[in-house]
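Peer 1: the following comprises the amino acid sequence and a computationally predicted model.
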Amino acid sequence: MDDTFDAIVIGTGQAGPALAGRLSQAGWRVAVVERHRFGGTCVNTGCIPTKAMVASAHVASLLQRGAEYGVSVPGGAQVDFPAVMARKSRISGRSSQNVEQWVRGMPGVTVIQGHARFEEAGVVRVGERLLRSPRIFVNVGGRASELAPEIRNGVTVLNNASLMALERLPEHLGVVGGSYVGLEFAQMFRRFGARVTVLQRGAQIVPREDADVARALQQILEREGVEIRTGSECFALRPEGDRIAARWRCGDEQDDIVCTHVLNATGRRPNTDDLGLDRAGVRVDARGYIEVDEQLRTSVEGIWALGDCNGRGAFTHTAYNDFEIVAANLLDKDPRRLSDRIPAYALYTDPPLARIGITSGEALASGRPTLIGERPMSRVGRAVQKGEEQGFLRVLVDAQTRHLVGATLLGVDADEAVHALLTLMYARQPVDTVQRAVFIHPTVSELLPTVLGSLRPLEAP
Ligand SMILES: Cc1cc2nc3c(=O)[nH]c(=O)nc-3n(C[C@H](O)[C@H](O)[C@H](O)COP(=O)(O)OP(=O)(O)OC[C@H]3O[C@@H](n4cnc5c(N)ncnc54)[C@H](O)[C@@H]3O)c2cc1C
Ligand SMILES: NC(=O)c1ccc[n+]([C@@H]2O[C@H](COP(=O)([O-])OP(=O)(O)OC[C@H]3O[C@@H](n4cnc5c(N)ncnc54)[C@H](O)[C@@H]3O)[C@@H](O)[C@H]2O)c1
């Protein structure tokens with residue numbers, strides 16, 4: 001069968017469906033190809049199920065701390081792990097169905113299920129079918145990277161996808177990698193009742209953050225009983241009876257961590273190795289990410305790459321923004337660009353860590369005079385009332401322009417409060433604008449004007 005379309009969208013992650021929707025509204029004939037579940041990583045094995053599980057873990061933690069609030073559960077709270085997993089599956093399953101129904105209902109859109117592979121530029125094969133189009137949008141996402149066979153030594157290792165199918169709570173979960181994936185799972189499984197040990201290469205967890213932020217987060221997790229070993233070297237696994245021994249330090253075997261399950265959270269790789277990109281002449285970098293320009297155009301005319309597979313973002317909001325950039329340039333004569341995007345993300349530990357712009361370390365390295373404002377959450381009324389006093393607010397301001405250049409908020413509701421600051425950065429207004437604003441009491445955000453009013457020069461630690 002030979003089909004010609006105005007556009008082909010490969011993958012239904014966070015950019016593909018929205019783009020197909022815009023193209024459909026514009027009257028284009030579009031083929032959408034998906035090889036697995038509709039909605040991709042975020043919907044099926046990423047943000048949505050993990051945040052549903054984080055919510056269950058939060059309730060477990062609150063119930064365990066109930067007496068602090070004057071509320072106690074007779075006989076103590078119990079975590080029903082299969083029920084936690086069933087809840088996350090319902091939420092994630094509904095979301096995937098919604099994406100599928102949405103895409104299938106788009107006028108002029110043909111949904112094709114199967115693995116897409118380029119035959120050449122402009123031609124994509126899905127099984128026996130050859131799809132042709134002058135415009136192809138690649139939104140194939142990524143998957144968990146794998147541990148090398150000589151490190152695994154035959155041990156079965158979980159990743160974010162296989163962990164979603166667990167039926168019983170692990171007794172002792174070893175987590176390799178202390179960043180987003182590792183720490184979100186580490187804290188929730190600890191709260192569900194598992195013993196958890198995190199093994200992190202290098203001096204600190206969350207290596208993208210300032211060292212003092214990493215220390216503060218580590219203390220929060222350790223207070224709940226998550227065991228964290230930084231400086232992990234010579235990492236290797238081996239079976240030990242029905243358990244797994246994880247070597248984390250060179251030398252003596254007696255330092256090995258013996259656990260029942262291991263989660264690999266050491267990063268992700270793009271789904272570009274089985275896409276036939278070489279046949280189309282699309283350039284990838286050394287790690288397999290598709291090279292793109294400011295408008296997400298690849299090295300081949302008529303082929304774009306959106307979302308995690310282009311290596312220019314690794315979040316749902318960055319993938320969705322890629323759709324917005326492509327749609328604006330293609331359909332709206334609006335020259336939106338990748339470099340208009342301000343780095344922003346949240347790590348959904350509890351309390352969450354929200355980050356925008358640059359860190360203190362990056363500000364110091366830039367050589368630009370920078371001001372810093374800080375406040376511990378123990379001096380934020382809302383946090384005290386909620387019994388969530390861990391963490392702090394930190395803002396960084398360019399001393400000359402008085403524009404905000406970064407913020408790190410570690411604390412209750414930080415993932416929401418940070419948006420006041422992010423809006424200020426997009427508005428390109430000096431911080432004095434917010435400092436004069438009257439915010440609602442009692443909120444975490446109400447302290448942001450105060451923090452911005454207490455700036456001092458940033459100095460090296
Ligand atoms: C555990 C975890 C938690 C996360 N939590 C968050 C969070 O809280 N917030 C956040 O912003 N981000 C989070 N992320 C990251 C987020 O999930 C991704 O950044 C986002 O899903 C990327 O979307 P995407 O559109 O690039 O690709 P994906 O969502 O990965 O979708 C790609 C799609 O393409 C399909 N596909 C691949 N190859 C082919 C092919 N050859 N033919 C046909 N179809 C193909 C796949 O089946 C998939 O459906 C999390 C990630 C993980 C792993
Ligand atoms: N809240 C969110 O937005 C969220 C949540 C989960 C995942 N994500 C996305 O998923 C992506 C992947 O997350 P991730 O945490 O898997 O990867 P990552 O690249 O963020 O972190 C990997 C961690 O593993 C460590 N590491 C690597 N090799 C190791 C080894 N051999 N032994 C011990 N430690 C080792 C690294 O130092 C790093 O801390 C992220 O880039 C993020 O964008 C986002």
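Peer 2: Received the coordinates, thanks. As the structure is a computational prediction, the values presented were derived from the model and not from experiment. Ligands and ions are numbered 1, 2, ... in the order given.

Peer 1: strands of the stretch 51-200 of the chain, residue ranges please.
Peer 2: 109-113, 116-120, 123-126, 129-132, 136-138, 142-144, 172-176, 195-199 (DSSP state E, counting those that start in this stretch).

Peer 1: so what touches stretch 216-227?
Peer 2: For stretch 216-227, the external contacting residues (CB atoms under 8 Å, 6 or more residues apart in numbering) are 61, 183, 186-187, 190-191, 195-198, 204-206, 209, 228, 230, 347, 349, 351, 353, 390-392, 410. All C-beta atoms are positioned from the backbone trio N, CA, C, and that covers glycine.

Peer 1: how about 6 Å then?
Peer 2: Outside of stretch 216-227, the residues within contact range by CB atoms under 6 Å, 6 or more residues apart in numbering are 186-187, 190, 196-197, 205, 228, 390, 410.

Peer 1: closest one to ligand 1 out of the residues you listed, please.
Peer 2: The closest of those to ligand 1 turns out to be residue 186 (CB to the nearest ligand atom; 12.0 Å).

Peer 1: hang on, the earlier thing: need the winner for burial among the strands of the stretch 51-200 of the chain.
Peer 2: strand 136-138 (a mean of 29; mean count of other CB atoms under 10 Å).

Peer 1: quick check: closest non-adjacent residue to residue 21.
Peer 2: Leaving aside its chain neighbours, residue 21 sits nearest to residue 106 (5.8 Å; criterion: CB to CB, 6 or more residues apart in numbering).

Peer 1: next one: residue 102
Peer 2: Closest to residue 102 by CB to CB, 6+ apart is residue 17, at 6.2 Å.

Peer 1: run a quick neighbour tally on that neighbour.
Peer 2: Residue 17 sits with 26 neighbouring residues when counted by other CB atoms under 10 Å.

Peer 1: spell out the secondary structure type for it.
Peer 2: The local conformation at residue 17, judged by DSSP: H, G, I helix; E, B strand; the rest coil, is helix.

Peer 1: that one touches residue 104, doesn't it?
Peer 2: No: contact criterion CB atoms under 6 Å: residue 17 and residue 104 do not qualify, at 10.4 Å.

Peer 1: between the strands of the stretch 51-200 of the chain, which gets nearest to residue 365?
Peer 2: Nearest to residue 365, of all these, is strand 195-199, at 27.5 Å by CB to CB.

Peer 1: with just CA atoms, put the next helix or strand after that closest one into CSV.
Peer 2: Per DSSP states H and E, the first helix or strand lying C-terminal to strand 195-199 is helix 211-223. Provided in CSV are the C-alpha atoms of helix 211-223 (Å, rounded to 0.1, in the frame of the first residue of the first chain):
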residue,chain,number,x,y,z
ALA,A,211,26.0,21.6,46.4
ASP,A,212,24.1,23.1,49.4
VAL,A,213,20.7,22.4,47.7
ALA,A,214,21.8,18.8,47.1
ARG,A,215,22.8,18.5,50.8
ALA,A,216,19.5,20.0,52.0
LEU,A,217,17.5,17.6,49.8
GLN,A,218,19.7,14.6,51.0
GLN,A,219,19.0,15.5,54.6
ILE,A,220,15.2,15.7,53.9
LEU,A,221,15.3,12.2,52.4
GLU,A,222,17.6,10.7,55.0
ARG,A,223,15.3,12.0,57.8
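
Peer 1: separation between residue 233 and ligand 1?
Peer 2: From residue 233 over to ligand 1 the distance is 25 Å, taken as CB to the nearest ligand atom, to the nearest Å.

Peer 1: name the helices or strands packed onto the helix ranked longest in the chain?
Peer 2: When the chain is scanned for its longest helix (criterion: DSSP state H), the result is helix 81-104. Secondary structure elements in contact with helix 81-104, counted by 3 or more CB pairs under 6 Å, 6 or more residues apart in numbering; DSSP states H and E, are helix 40-44, helix 47-64.

Peer 1: so which of those is the most packed in?
Peer 2: Of all the helices and strands packed on helix 81-104, helix 40-44 has the most neighbours on average by mean count of other CB under 10 Å, namely a mean of 25.

Peer 1: just confirm yes or no for that helix near ligand 2.
Peer 2: No: remark: helix 40-44 sits outside contact range of ligand 2, by CB under 6 Å from any ligand atom, the gap being at least 8.2 Å.

Peer 1: identify the residues contacting the residue nearest to residue 21.
Peer 2: So residue 106 contacts 20-21, 24 (CB under 6 Å, 6+ apart).

Peer 1: secondary structure for those residues - can I get that in JSON lines?
Peer 2: JSON lines is the format used below for these (three-state DSSP):
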{"residue": "20", "secondary structure": "helix"}
{"residue": "21", "secondary structure": "helix"}
{"residue": "24", "secondary structure": "helix"}
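
Peer 1: for ligand 1, what are the nearby residues on the stretch 51-200 of the chain?
Peer 2: Going by CB under 6 Å from any ligand atom, the residues of the stretch 51-200 of the chain near ligand 1 are 51, 115-116, 139-142, 160, 181.

Peer 1: quick check, central residue of this protein?
Peer 2: residue 315 (4.8 Å; CA atoms, centre = their mean).

Peer 1: reformat the helices and strands packed on helix 81-104 as CSV; add mean pLDDT.
Peer 2: Output for these, formatted as CSV (pLDDT from 0 to 100):
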stretch, mean pLDDT
helix 40-44, 98
helix 47-64, 98
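
Peer 1: could you export the ones you listed as a markdown table, including distance to residue 135?
Peer 2: A markdown table is the format used below for the helices and strands packed on helix 81-104 (distance: least, CB to CB, whole Å):
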| stretch | distance to residue 135 |
| --- | --- |
| helix 40-44 | 21 |
| helix 47-64 | 28 |
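
Peer 1: nearest to residue 337, of these?
Peer 2: Between the helices and strands packed on helix 81-104, helix 40-44 lies closest to residue 337; by CB to CB that is 23.7 Å.

Peer 1: quick check: buried residues in stretch 21-31?
Peer 2: For stretch 21-31, the neighbour count (16 or more other CB atoms under 10 Å) marks 21-24, 28-31 as buried.

Peer 1: what do you get for stretch 352-369?
Peer 2: 352-361, 363-364.

Peer 1: out of the helices and strands packed on helix 81-104, which is closest to residue 335?
Peer 2: helix 40-44 (27.6 Å).

Peer 1: name the helices or strands packed onto the closest one?
Peer 2: By 3+ CB pairs under 6 Å, 6+ apart, helix 40-44 packs against helix 81-104.

Peer 1: about what we covered before: let's have the strands of the stretch 51-200 of the chain in JSON lines, adding mean pLDDT and distance to ligand 2.
Peer 2: Output for the strands of the stretch 51-200 of the chain, formatted as JSON lines (pLDDT from 0 to 100; distance: least, CB to the nearest ligand atom, whole Å):
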{"stretch": "strand 109-113", "mean pLDDT": "98", "distance to ligand 2": "26"}
{"stretch": "strand 116-120", "mean pLDDT": "98", "distance to ligand 2": "23"}
{"stretch": "strand 123-126", "mean pLDDT": "98", "distance to ligand 2": "27"}
{"stretch": "strand 129-132", "mean pLDDT": "97", "distance to ligand 2": "30"}
{"stretch": "strand 136-138", "mean pLDDT": "99", "distance to ligand 2": "19"}
{"stretch": "strand 142-144", "mean pLDDT": "98", "distance to ligand 2": "7"}
{"stretch": "strand 172-176", "mean pLDDT": "98", "distance to ligand 2": "5"}
{"stretch": "strand 195-199", "mean pLDDT": "98", "distance to ligand 2": "5"}
